[in-house]
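**Q** Could you look at this predicted model? Sequence included:
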Amino acid sequence: MDSSTKQRYISTSIWSDKWFETLSMQEKLIYFHLLTNEFTNAAGVYHFSLKQIRADLDISRDDARAAIEKFEAAGKAYYYQEYIIIPKWLKHQKISDRSKMFLGALSILRGLPDGIKRFIADRNHYDFPVEKYVEIPPADSLCLKSDSLCPIEDRLYPKRGEKGANSAHDSDSDLDLDLDINISGGGRSDYSDPPAEKPPPPENTPPPPLFKIIKANAGREGFVIGDDIAKRFLASGLDPAWFSGPHDFLAFMAYKVRAEYPGAPPERQRNIFISAITWDNIREEYPAWRDARAGAAQSREKARAEKLIPPRCECGADLHGARRCPSCGRILEFDETTWGFVFLPPPENGELSALFREEIKARKPGSEKTPRKPP
């Protein structure tokens, strides 16, 4: 058996589960794939792509999305920010008796992007007391980065040497994971916490080898490659930084292959993908493509930040989505530099400031909104 292979044991009672019986044969296959594919880990929360599901099972994008939406409606699996979350994964692992697996799961959970941590902190999304072991960042902790945005587009792999640089795919690769997965039951359940005396995982876990990151990132794009191919990419003379971030060089290669060979069968596309690293001008074109994608992602994140209006004013009054406090008259303004809202003093004589009137006018239908530069 390949040393990197991980075993997944599924309870035979799955075939008598009422929810599972309602699934079509294709939906059952997709659900089994989420439980047993090579990217699963000890926590049941792993970075994945619908492209990978489509490539592995040879199904359409619509069929994959419809199945995931059905799983989400039943609370059996979630697809959020390109992560698969299996809510009851840890519940059925008997982790109180398997300290090695428990520590591996904690290491994975602590290394997740902020947006995923917030999502799984809801017990309806992930049936485990995450907040007891993982620091959950506040919902308004947005950050601005040039090529790696959070919370929506956190890097799957931080730079070498940074805390949390271990791969979520490889954190349990050396563990003997005999997973007894039972899907019966829904919603929140009682959970027996693991023994408190277990030591925390090591803080300075070394990052995975770069060729493993390359292999995982290729899989994220729907192209499964072996170690030898990944090492060949590594030896191609590219800047190692090009293999990190949501808009890495492998994502660009996948984009070029699918754009230029849209009708090619999956296996032919894979072979083309492997050879694409030698194409003329592909290295010269990559930086402009990366910057354009990063800029678009930054714009989406900013638009999202502008919708995160605080629920309450500094005086304690509920705002109900308004940008002027009905109690004290304070005005909410969006700060272009911090991507957060600030409270301005109430306007004199109850009149809105000229600046705020301009912003309201710009938001009316039919008028162009021009972003205001910070003073």
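**A** Perfect, I can see it now. Residues are numbered from 1 along each chain as shown.
**Q** show me what contacts W279?
**A** Contacts for W279 were tallied using C-beta atoms under 8 Å, 6 or more residues apart in numbering; they are K256. From N, CA and C alone the C-beta is placed, and that goes for glycine too.
**Q** heads up, I number from 284, so please use that
**A** Yep, numbering from 284; the last one is W562 now.
**Q** And it, how close does it get to K334?
**A** Applying C-beta to C-beta, to the nearest Å, the value for W562 to K334 is 21 Å.
**Q** Which segments of this protein make up each domain?
**A** The chain breaks down into these domains under automatic domain parsing: 284-476, 493-587, 592-646.
**Q** Would you format those domains as TSV with mean pLDDT included?
**A** Converted to TSV, these look like this (pLDDT from 0 to 100):
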stretch	mean pLDDT
domain 284-476	73
domain 493-587	87
domain 592-646	75
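**Q** Now do the helices in the stretch 384-533 of the chain.
**A** Here the stretch 384-533 of the chain has its helices, by DSSP state H, counting those that start in this stretch, at 397-403, 493-503, 510-517, 532-543.
**Q** highest average neighbour count across these?
**A** Most buried of those, by mean neighbour count (mean count of other C-beta atoms under 10 Å): helix 493-503, with a mean of 23.
**Q** That helix vs helix 532-543, what angle?
**A** Angular relation of helix 493-503 and helix 532-543 on a 0 to 180 degree scale: 30 degrees, by axes from the mean of the first three to the mean of the last three C-alpha atoms, to 10 degrees.
**Q** Show me the contact partners of helix 493-503.
**A** Applying C-beta under 8 Å, 6+ apart, the set of residues contacting helix 493-503 from outside is 321-322, 330-332, 334-335, 365, 439-440, 443, 450, 452-453, 507-510, 512-514, 516-517, 523, 526-527, 531, 533-534, 537, 556.
**Q** Tell me the spatial nearest neighbour of F626, not counting adjacent residues.
**A** With sequence-adjacent residues excluded and distances taken as C-beta to C-beta, 6 or more residues apart in numbering, F626 is closest to R613, at 4.7 Å.
**Q** just checking, the one you found touches R606?
**A** No - if you go by C-beta atoms under 8 Å, R613 and R606 don't touch, sitting 9.6 Å apart.
**Q** Is S610 in contact with H603, as I believe?
**A** No - with contacts counted by C-beta under 8 Å, S610 stays clear of H603, the gap being 11.4 Å.
**Q** residue ranges of the strands in the stretch 534-658 of the chain, please?
**A** Counting by DSSP state E, counting those that start in this stretch, residue ranges of the strands within the stretch 534-658 of the chain are 614-618, 623-627.
**Q** returning to what we had before: P594 versus the residue nearest to F626, what's the distance?
**A** 14 Å.
**Q** Neighbour count: these two, which is higher?
**A** More neighbours surround R613 than the other of R613 and P594, with 19 against 9 (other C-beta atoms under 10 Å).
**Q** Dihedrals phi and psi, the more buried one?
**A** Phi and psi for R613, reported as degrees, to the nearest 10, are phi -60, psi 150.
**Q** which phi and psi does F506 have?
**A** Taking degrees, to the nearest 10, you get phi -120, psi 110 for the backbone angles of F506.
**Q** winner for burial among the strands of the stretch 534-658 of the chain?
**A** When you average the neighbours per residue for each of the strands of the stretch 534-658 of the chain (mean count of other C-beta under 10 Å), strand 614-618 leads with a mean of 16.
**Q** just checking, what packs against it?
**A** Counting contacts by 3 or more C-beta pairs under 8 Å, 6 or more residues apart in numbering; DSSP states H and E, strand 614-618 is packed against strand 623-627, helix 637-646.
**Q** at 7 Å instead, please
**A** strand 623-627 (3 or more C-beta pairs under 7 Å, 6 or more residues apart in numbering; DSSP states H and E).
**Q** buried stuff in stretch 589-606?
**A** Going by neighbour count (16 or more other C-beta atoms under 10 Å), the buried part of stretch 589-606 is 596, 602, 606.
**Q** Can you give me the separation between the closest residue to the second one other than its chain neighbours and A588?
**A** Taking C-beta to C-beta, 6+ apart as the measure, L602 lies nearest to C596, with 5.8 Å between them; neighbours along the chain are not counted. With distances defined as C-beta to C-beta, the gap from C596 to A588 amounts to 19 Å.
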